[in-house]
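> Everything below, folded, please.
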Amino acid sequence: MPLINLFFMNTLIKKSWFPYLALSIGMFCIGISPIFTRLAAISGPVIAFYRTLIAVIILIPIWLSKSNAKYDKTGILLAMLAGAFFAFDIAMWNVSLFHTLAATSTLLANLAPVWVGFGTLYILREKLRNNYWKGLFITFIGVFIILGLKNIQHFDIGLGNLLAIGASIFYAGYLLVTQKSRTRIDTISFTTIVVISCSVILFILCLLLNENMTKISHQSWTYIIALGVISHAGGWLSINYALGHIKASVASVTLLGQPVIAAILAMFILDEWLNFWQIIGGIIVLVGIYLVNKK
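Sure, this is the predicted structure:
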């Protein structure tokens with residue numbers, strides 16, 4: 001009887017908490033990615049290509065070893081489309097990181113909930129809970145405080161900020177397509193197909209931009225490998241699993257915790273310290289994330 005009760009409790013915990021735990025782990029893994037990217041100190045699209053290529057090398061053997069893979073033709077096509085969205089998201093975001101602060105770039109790249117909310121309503125035809133909109137509203141109050149009201153009033157947006165906003169649109173597309181695809185395809189298969197599609201598109205993009213893809217120092221390789229293993233393979237496996245159990249509208253706002261993680265790490269590693277109002281804004285963002293997850 002105790003064993004039966006233990007099994008029941010473990011099953012209940014997994015059903016209730018495991019997707020959110022996976023989402024939190026994934027959020028931290030991708031939260032450290034802007035730090036790795038800045039420290040790699042080479043072209044943004046090249047970093048993006050190699051981090052996804054490393055993830056491909058890690059994931060393909062795992063994928064091929066699965067005998068119970070679940071996917072169909074539509075699921076594969078959706079996963080490839082998600083990879084295309086993610087390729088442009090990561091390429092634009094990586095470039096933006098070298099034109100603005102890591103925290104600012106990460107925040108703007110995570111404006112995806114705005115686009116996800118509208119996409120959920122008008123494309124997926126899903127009704128959003130009131131707590132979602134309340135949480136989203138509070139979250140963006142925090143975002144505006146962090147960016148600075150003066151900068152917003154003067155619309156002082158540079159190249160880095162514009163690229164980060166563009167990245168957020170592609171990021172939203174990725175989240176929406178992922179939610180649709182994950183009903184047709186398992187986590188490992190989906191993540192592997194996404195990174196293959198993503199890396200192919202990024203390789204073509206690097207060729208079109210005439211990027212130097214061979215002149216990379218040993219130190220840069222260290223951070224690129226960390227990006228591929230920790231941020232991409234580990235982070236997105238966790239997030240993609242969670243998206244199979246949590247709505248994109250909820251997950252996208254929860255992932256706004258990523259800029260908070262990036263901002264904290266940037267203070268100590270990149271010496272980009274936040275002021276009082278930016279810290280207050282970060283706390284407000286976390287409150288918004290709590291509300292959006294509250295049933």
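> can you give me the helices for the stretch 151-295 of the chain?
In order along the chain, the stretch 151-295 of the chain carries the following helices (DSSP state H, counting those that start in this stretch): 159-181, 187-208, 218-226, 235-243, 248-254, 257-269, 276-293.
> Could you say which of the ones you listed is packed most deeply?
Ranked by average neighbour count under the criterion mean count of other C-beta atoms under 10 Å, those are headed by helix 248-254 at a mean of 26. Every residue, glycine included, has its C-beta placed from N, CA and C.
> From the contact counts, what lies against it?
Applying 3 or more C-beta pairs under 8 Å, 6 or more residues apart in numbering; DSSP states H and E, one finds that helix 248-254 contacts helix 2-31, helix 112-122, helix 130-147, helix 159-181, helix 235-243, helix 276-293.
> what's the angle from the next helix or strand after the longest one to helix 257-269?
Sequence-wise, the next helix or strand downstream of helix 2-31 (DSSP states H and E) is helix 33-40. Between helix 33-40 and helix 257-269, the angle comes out at 40 degrees (axes from the mean of the first three to the mean of the last three C-alpha atoms, to 10 degrees).
> what packs against helix 33-40?
In this structure, helix 33-40 packs against helix 44-65, helix 102-109, helix 218-226, helix 257-269, with contacts taken as 3+ C-beta pairs under 8 Å, 6+ apart.
> surely L107 meets G257?
No: in this structure, L107 is not within contact of G257 by C-beta atoms under 8 Å, at 11.2 Å.
> sorry, back to before: in a markdown table, list the helices and strands packed on helix 33-40 along with mean pLDDT and distance to V177.
Compiled in a markdown table, the helices and strands packed on helix 33-40 are given as follows (pLDDT from 0 to 100; distance: least, C-beta to C-beta, whole Å):
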| stretch | mean pLDDT | distance to V177 |
| --- | --- | --- |
| helix 44-65 | 91 | 17 |
| helix 102-109 | 82 | 17 |
| helix 218-226 | 95 | 26 |
| helix 257-269 | 85 | 19 |
